[in-house]
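Asker: the sequence isn't on hand, but the structure is:
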């Protein structure tokens, strides 16, 4: 399975994007987000970017005020996931230009579309920025 | 590019987002969302909503759910939007549906039809959108509805479609392997796809398939190796590069697959050695992604058939990780170390201090990982230190999930390696006291059994010592408030069985204590049940010994209470006690014999005591009894069939078969043989296959999964022996001392400290200014030496005959490991045996600044190179500049080498100055942006202007919203 969920949460613990690759009910999602955000936000910069939680791990990375949290299975390569987060941010940056939290909020669906290109069934399937963005650009042109 | 100036979004939408963005608290956010729900409920049912508006409504619904509120009232509108002809609307609709619904939702049935239609679309983007939805929404029952189309799409002309079709098939395989079993060859085909994206995504299903059944894919080793080689040689399009690394994510996936395929397969592994070695050599250890690949290589190397050269470079890489300042790399280093010690245990010894630093680090993640490593390297000589540490840590955490895990690990290690009975009992007491409610009840039962059965058949005194020490410790501990139920049960049971066994405590004392427990835990029926049974045992032992029983008044009242209990179980126990107490000594002795909890109760299934009666009847002319399964050969077969083969009601056949085969009533060999011959074979073979498949898996993952399953029979023997090997006389210990001392001496002269050392332990202590506590810990964890103050002679039992042999084996064991360490010493790196850091410190303070500098420059090459290129090549800047943490790590490597000496620090400062410029000077940064993102600045400006128009200003409540994420 690999990736179980991808979250973007700001410093105040407010969710900005949530994508789950296994179904959780609204209640479960709420509880999980609360727990892990509390856990990750309490950590400092020197500490590991990985946190064990229940039977999986969370890899997180902070950009300005926004935290990117990725829940992965235990056999996943944590450092690679950390770089995957960076790739995601770079991709968004290429699309939006100086991407900021508000870009993601205003264009939530586009951020999701990018993720849909990059991750399927919890696996990383595409890492070429051009390939990720082409369908989104084509769609913009069409509408 | 993407965002057209005005976004086409309404003021209402922007206002909503703005207010959510500026909400200061969860409560405020909730208020906004609840208000929004009310608005949407009214709006969304209005007739003739323009498409653009509807899309916004749907996204607002997504917000509502994302922020934790129910938006189910609008699901149907999202479903409707998937029918839309406009691509953007359609895709938004699909997105919303996948976010809202799980695959078993009632509305899915309304979407399947749309998906089918869209899969046939001429527009490949529509097909892609539908395939995305397929991956999320199709369940086992609906797979057949789309399967043929998905299979067709595997050959689509657009690579994006092929890629998604592969993943859809992968999803079907995850959901219901049987539905696509006949199609898995398609994955092999797609592995050779011309498009690297399709090839890369095919690795995901193949990884799953291979981990399920390695042997069917051995033929692909060659392909995987050659793909990996091509990737590493940069044959893939540039766009797959990430931070100058060629397609790192594909490399990592391939390495994972190779690790599976090469595991335990020498032939397959040999094909991989070259490429894995190449990648390790090439990988750039100054970037995160380079290290990620390096780490994956280590995992692969430790999984495949061992190769000395690769192991050596893996060990070097681990050393680099552990010495790095970055906690992330330390974490990976500890993890990798845990993998490597399975192959060669001595590797850990080089890193003892680094490991202990990680263990004592305040970072919980690192600490846990280190405990995992310690768990893997536990042996009789260090079990005490490790388990004590684990228990301390267990007591300090609140996370029940992890507490349970670490508690069961403690129990497992204690049972496997305990050096002495006292220690074992004490350890178990601690575990039960602090995590008793979390450990599996089985553990409690195992503990009772262990105490009852003892450890050495040949030595009864040791067993009874164990029991009396258990009794004593329980009497001491039982006063503690809040003991967990499982532990109290153990205490009651042990007190009942052995409380009076050694004659140290009187029956009235013990029964008084037992009734104290029962009284203090009057709500726990389980404990009360154990307590009353314990009382019964104590009393009946008294009666059997011919002493008079004086029941204490509190016991009396306790029993009376139970006689009237609501629980029939407790009532019965109480009545049983009453009647047993009333019997005479001989009867009681046979009812409840002393210390007979381990005696097997033999049930005479043959009812042999009836033989006389049967014979008598036969003599009188009665028909002999023929067991049902021997009445006819056929019947046993049909029986078998009914049980295993045809589950539906075929019981009538039973009679139909009986007649023709009646001629074989009682030939002993017939039934089994004919059964196996006649019954179609698949069943049995299936079973054996299944076992074969499962058994190795179990043994591999044994450490993790067997936490609760404690097979006591095997353990027990091991335990008995280990007692000796670890608590062996100090002579062998000092032997180790000497050899180790010899080893250290050999390489120490090269480093500075040439002070006289008389005693080995002292010398270690003096060596450098490393905390002596840590050294001690290191020694006890890794060396098994230098434990002079430990092991009071009390813990040694009366010597057993085989103890000498055990000593020898211990000495032998320590021999080779020393040898290994000595062998390691001629290697170039200064850190030998252990104490890697201190030696390097001594280097730094003494003479060799040049060497230092060399190392520094070496490790910094990576950093400076991109730094300098940044001034010339614009596109590179982005990556460099986004990567603050990366350069941080490089400084780390530099610092590590220089440790504390100040001049070295200076150098490192200088060397990463260009780096700083990279982030620091704003001009360089802003210059780079127009270059790399050309038209976007204009866009961004426009955007800002518009947003300000809407009233969202950077200066207003939440300026963070505007901060560039990569800035």
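Answerer: Sure, I can see it. Everything quoted here is computed from the prediction, not taken from an experiment.

Asker: contacts and neighbour counts: CA atoms only from here.
Answerer: OK.

Asker: quick one: contacts for residue B:236?
Answerer: B:196, B:230, B:246, B:247 (CA atoms under 8 Å, 6 or more residues apart in numbering or on different chains).

Asker: ok, residue B:72 next?
Answerer: For residue B:72, the residues meeting the contact criterion (CA under 8 Å, 6+ apart) are residue B:100.

Asker: circling back: which one of the contacts of residue B:236 is nearest to chain A?
Answerer: Using CA to the nearest CA, residue B:247 is the member of these that sits closest to chain A, with 7.7 Å.

Asker: so the closest one makes contact with residue B:241?
Answerer: Yes: under the contact definition of CA atoms under 8 Å, residue B:247 touches residue B:241, with a separation of 5.0 Å.

Asker: what about these two, which has more around it?
Answerer: For residue B:247 versus residue B:241, neighbours defined as other CA atoms under 10 Å in any protein chain shown are more numerous around residue B:247 (25 against 18).

Asker: which pLDDT value goes with the more buried one?
Answerer: What the model reports for residue B:247 is a pLDDT of 95.

Asker: for it, give me its contacts.
Answerer: For residue B:247, the contacting residues are A:127, B:231, B:236, B:240, B:241, taking CA under 8 Å, 6+ apart as the criterion.

Asker: buried ones in stretch B:214-227?
Answerer: Within stretch B:214-227, the residues scored as buried using 16 or more other CA atoms under 10 Å in any protein chain shown are B:214, B:218, B:221, B:224, B:225, B:227.

Asker: turn these into a markdown table, columns for pLDDT and distance to residue B:28.
Answerer: As requested, those are exported to a markdown table (pLDDT from 0 to 100; distance: CA to CA, whole Å):
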| residue | pLDDT | distance to residue B:28 |
| --- | --- | --- |
| B:214 | 94 | 54 |
| B:218 | 95 | 58 |
| B:221 | 96 | 57 |
| B:224 | 96 | 54 |
| B:225 | 97 | 56 |
| B:227 | 96 | 54 |
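
Asker: just the closest of those residues to residue B:347, please.
Answerer: When those are ranked by distance to residue B:347 (CA to CA), residue B:225 comes first, at 28.3 Å.

Asker: what's the closest non-adjacent residue to the closest one?
Answerer: residue B:272 (6.4 Å; CA to CA, 6 or more residues apart in numbering or on different chains).

Asker: ok, now residue B:217?
Answerer: The spatially closest residue to residue B:217, leaving aside those adjacent along the chain, is residue B:210, at 6.5 Å (CA to CA, 6+ apart).

Asker: now for residue B:426: which residues touch it?
Answerer: By CA under 8 Å, 6+ apart, the residues touching residue B:426 are residue B:473.

Asker: got the confidence number for the residue nearest to residue B:217?
Answerer: Among the per-residue scores, residue B:210 holds a pLDDT of 96.

Asker: domains of chain B?
Answerer: Residue ranges for the structural domains of chain B, counted by automatic domain parsing, are given in the record as B:502-594, B:608-720, B:750-925, B:937-966.

Asker: residue contacts, residue A:122?
Answerer: For residue A:122, the set of contacting residues under the criterion of CA under 8 Å, 6+ apart consists of A:1, A:2, A:3, A:4, A:5, A:21.

Asker: should've said residue B:99
Answerer: Residues touching residue B:99, when contacts are defined by CA under 8 Å, 6+ apart, comprise A:19, B:62.

Asker: returning to that earlier point: mind checking which of the contacts of residue B:247 land in helices?
Answerer: Applying DSSP state H to these, the entries found in helices are residue B:231.
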